[in-house]
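> Give the three-dimensional model of this entry:
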Amino acid sequence: MAITINKFEVSTDRLSIDVIITVGSGDFVADIKFWDETTYKIASQAVDLNAKIAGTSEVETFTISNTEAGVTKFDGIYFLEIASDNVADVDGLVATTSLTRYYYTMSKLLANIDLSCLNCNANFQNALLLDLYIEGIKNSILLGRFRDAIELQTKINIYTENECPECSEINPVVSTAGNVVSIGVIDCQLSLT
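Reported below is the predicted structural model:
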């Protein structure tokens, strides 16, 4: 039986990653390696998480804290490689990311679009480009094209900030056409963290 990664998810506060792994009946998780986007697949820079393995059943459940990963917040792309003690199994490899900081930037750009001139509006053009990059990152991760996701995130980081405290207090702009631009929250995607 193959290795199944049931959960590999960044918490909403971006301070931990929850992990649930299942291997075949009678098998155990034998090795777990963890990388971020700057160390991906560099064996010497992998964080060894073998101490998290209980080794008592086919299911392993644990949490990776930001301090264990050596980051302030989980704002990048993170990878987990799992091997079982069954040599017939192919190692499992999975990626996760939190796009929250990019959503803050997107909201700020959208809140400041002047609807009277979309063709000459840098905020509108940057919002469209940022949205394309975000969708590209999501789709690359879903397709297992992790190097593509890393490349897209590198490009996105050129014009986004690491911290954006003012993004949580976005003031909508009234355009010269008299329209008010407003931002809504759908499925709690935009939240204070």
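
> Every contact and neighbour count from this point should use C-alpha atoms.
Will do.

> which strands and helices sit next to the worst-scoring helix or strand of the chain on mean pLDDT?
When the helices and strands of the chain are scored by mean pLDDT, DSSP states H and E, helix 100-111 comes last with a mean of 83. When contacts are defined as 3 or more CA pairs under 8 Å, 6 or more residues apart in numbering; DSSP states H and E, helix 100-111 packs onto helix 122-142.

> what angle do the helix it packs on and helix 100-111 make?
Using axes from the mean of the first three to the mean of the last three CA atoms, to 10 degrees, the inter-axis angle of helix 122-142 relative to helix 100-111 is 150 degrees.

> change the start of the numbering to 572 and stick with it
Done: numbering now begins at 572, and the last item shifts to helix 693-713.

> pLDDT on helix 693-713, on average?
Within the predicted structure, the mean pLDDT of helix 693-713 is 89.

> now do stretch 627-645
The average pLDDT for stretch 627-645 rounds to 93.

> quick revisit: run the chain-centre distance for the least confident helix or strand of the chain.
With CA atoms, centre = their mean, to the nearest Å as the basis, helix 671-682 stands 15 Å off its chain's centre.

> Buried residues, it. List them.
By neighbour count, with 16 or more other CA atoms under 10 Å as the criterion, the buried positions of helix 671-682 are 671-682.

> How about stretch 697-710?
With burial defined by 16+ other CA under 10 Å, the residues of stretch 697-710 counted as buried are 697-698, 701-702, 704-705, 707-709.

> want to throw these into a markdown table with distance to Cys691?
A markdown table is the format used below for the buried residues of stretch 697-710 (distance: CA to CA, whole Å):
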| residue | distance to Cys691 |
| --- | --- |
| Asn697 | 11 |
| Ala698 | 13 |
| Leu701 | 17 |
| Asp702 | 18 |
| Tyr704 | 21 |
| Ile705 | 23 |
| Gly707 | 25 |
| Ile708 | 27 |
| Lys709 | 29 |
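
> from these, which two are the most distant?
Every pair in these was compared (CA to CA); the two farthest apart turn out to be Asn697 and Lys709, at 18.3 Å.

> which stretches of the protein form strands?
The residue ranges that make up the strands of the chain, judged by DSSP state E, are 575-581, 587-593, 600-607, 618-619, 630-636, 648-655, 663-668.

> Make a markdown table from those strands and add distance to Phe717 to it.
A markdown table is the format used below for these (distance: least, CA to CA, whole Å):
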| stretch | distance to Phe717 |
| --- | --- |
| strand 575-581 | 15 |
| strand 587-593 | 18 |
| strand 600-607 | 11 |
| strand 618-619 | 18 |
| strand 630-636 | 20 |
| strand 648-655 | 9 |
| strand 663-668 | 7 |
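
> and those strands as JSON lines, adding mean neighbour count and distance to Ile727?
Putting the strands of the chain into JSON lines (neighbours: other CA atoms under 10 Å; distance: least, CA to CA, whole Å) gives the following:
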{"stretch": "strand 575-581", "mean neighbour count": "18", "distance to Ile727": "19"}
{"stretch": "strand 587-593", "mean neighbour count": "18", "distance to Ile727": "22"}
{"stretch": "strand 600-607", "mean neighbour count": "20", "distance to Ile727": "16"}
{"stretch": "strand 618-619", "mean neighbour count": "16", "distance to Ile727": "25"}
{"stretch": "strand 630-636", "mean neighbour count": "17", "distance to Ile727": "25"}
{"stretch": "strand 648-655", "mean neighbour count": "21", "distance to Ile727": "13"}
{"stretch": "strand 663-668", "mean neighbour count": "20", "distance to Ile727": "14"}
